[in-house]
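Participant: Take a look and give me a structure for this.
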Amino acid sequence: MKTILVPTDFSENAFVAAVYACALAGASNQKVQLLHVYIALYAGFGEEGNSVKQIKLAETESAAAMKHLVETLNNQFPGVAIEGECVKGFMIDVVTHKLKRNENSLVVMGTKGVTNITESILGSTTYEVIKKSPIPVLVVPIDTPDFSFQRVGFFTAYDDHELDALMTLQQSINLRPHLSMLHFYKEGENAPEKELARWQRKVEAAFPDWAVSCRAMPVEKVDINAVTQEIKADGLDLLVFARPHKSFFEKIFRPSLTKAIANYPTVPSLFIRT
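Facilitator: Take a look at the predicted model:
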């Protein structure tokens, strides 16, 4: 059985992501592994005894918070296997090391928290995990409603590597939602109708079990507002972005916009490296 990794700092954002991960695990027959990484803060010139006490206090508080979180999620999702682990260190280092073991199918993370310290730990870590993770990373906004996986939006440039991303999506989640292929082009240019029809046939041939639609939208500027508008127009539950070294997404979206979507998604957003 595959395992979904869910890093958590016990914030409200992280809890929403954990709930989403458990619902997804239940629908796709997977396990959930919660991970909390704590840092014991102490002065290097202080007495050794005080440092040891603070480390033990951090361990105890983390363990208690994890136990409560696991119990809460077990009550809500009795059919899902849920484990919790607390590790001392830095979140990005621990997560990166765990992913090298090839034990996880997916990483699910929350976005920025409401406090400055949560923003600095969870928000920045989410974006760093997206950049470094060899497996898909799913970012869940705090205002995500009940789990739904009916309509998935995929931004496309008609590149074959996107078929690899879709295969990874299928393998990591193993659900069959409606797939809405979305393509932006500049206002004033001709609509790429032939390319869109060709690409739809290619995707349908590769994934015959999926319901597929393709749509091209003229935009003056590709920005987060254009993305949000399409989410609402298409009634999407999830966005999927393929991330090769130089993808369509990276070419048309500035790095700052990539980070903005990762940190402030309107709907759950999945980033797949190909």
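
Participant: The host helix or strand of Leu138 packs against which elements?
Facilitator: Here Leu138 sits within strand 137-140, counting by DSSP states H and E. Counting contacts by 3 or more C-beta pairs under 8 Å, 6 or more residues apart in numbering; DSSP states H and E, strand 137-140 packs against helix 12-28, strand 104-110, helix 124-132, strand 269-272. Bear in mind the C-beta positions are built from the backbone N, C-alpha and C, glycine included.

Participant: contacts for the helix or strand just after that strand?
Facilitator: Sequence-wise, the next helix or strand downstream of strand 137-140 (DSSP H and E) is strand 151-155. Strand 151-155 has contacts (C-beta atoms under 8 Å, 6 or more residues apart in numbering) with 162, 165-166, 169, 177-184, 230-231, 234-242, 248-249.

Participant: Among these, the buried ones, what's the PyMOL command?
Facilitator: Buried members of the contacts of strand 151-155, defined by 16 or more other C-beta atoms under 10 Å, are picked up in PyMOL with:
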select buried, resi 162+165+166+169+177+178+179+180+181+182+183+184+230+231+234+236+237+238+239+240+241+242+248+249
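
Participant: how about TSV for the helices and strands packed on strand 137-140, with mean neighbour count added?
Facilitator: Shown next, in TSV, are these (neighbours: other C-beta atoms under 10 Å):
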stretch	mean neighbour count
helix 12-28	22
strand 104-110	26
helix 124-132	19
strand 269-272	25
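
Participant: And these, which one averages the lowest pLDDT?
Facilitator: Of all the helices and strands packed on strand 137-140, mean pLDDT reaches its minimum on helix 124-132 (a mean of 81).

Participant: who touches Pro268 in this structure?
Facilitator: For Pro268, the contact set (C-beta under 8 Å, 6+ apart) comprises Tyr20, Leu138, Val139, Val140, Pro141, Thr144, Asp237, Leu238, Leu239.

Participant: between those residues, which is closest to Tyr127?
Facilitator: Nearest to Tyr127 among those, counting by C-beta to C-beta, is Val139 at 8.9 Å.

Participant: one step back: by pLDDT, rank the contacts of Pro268 and give me the bottom one.
Facilitator: Ranked by pLDDT, those bottom out at Thr144, which scores 86.

Participant: State the distance from it to Leu175.
Facilitator: 17 Å (C-beta to C-beta, to the nearest Å).

Participant: the more surrounded of those two?
Facilitator: Per other C-beta atoms under 10 Å, whichever of Thr144 and Leu175 has more neighbours is Thr144, with 20 against 15.

Participant: these two touch, right, the more buried one and Val16?
Facilitator: Yes. Counting by C-beta atoms under 8 Å, Thr144 touches Val16, with 5.9 Å between them.

Participant: Poorly predicted segments of the stretch 101-250 of the chain, please.
Facilitator: Counting by pLDDT under 70, the stretch 101-250 of the chain shows low-confidence ranges at 112-124, 244-250.

Participant: now the strands for it?
Facilitator: All strands of the stretch 101-250 of the chain, identified by DSSP state E, counting those that start in this stretch, fall at 104-110, 137-140, 151-155, 178-186, 211-219, 238-242.

Participant: That concludes my questions; thank you for your assistance.
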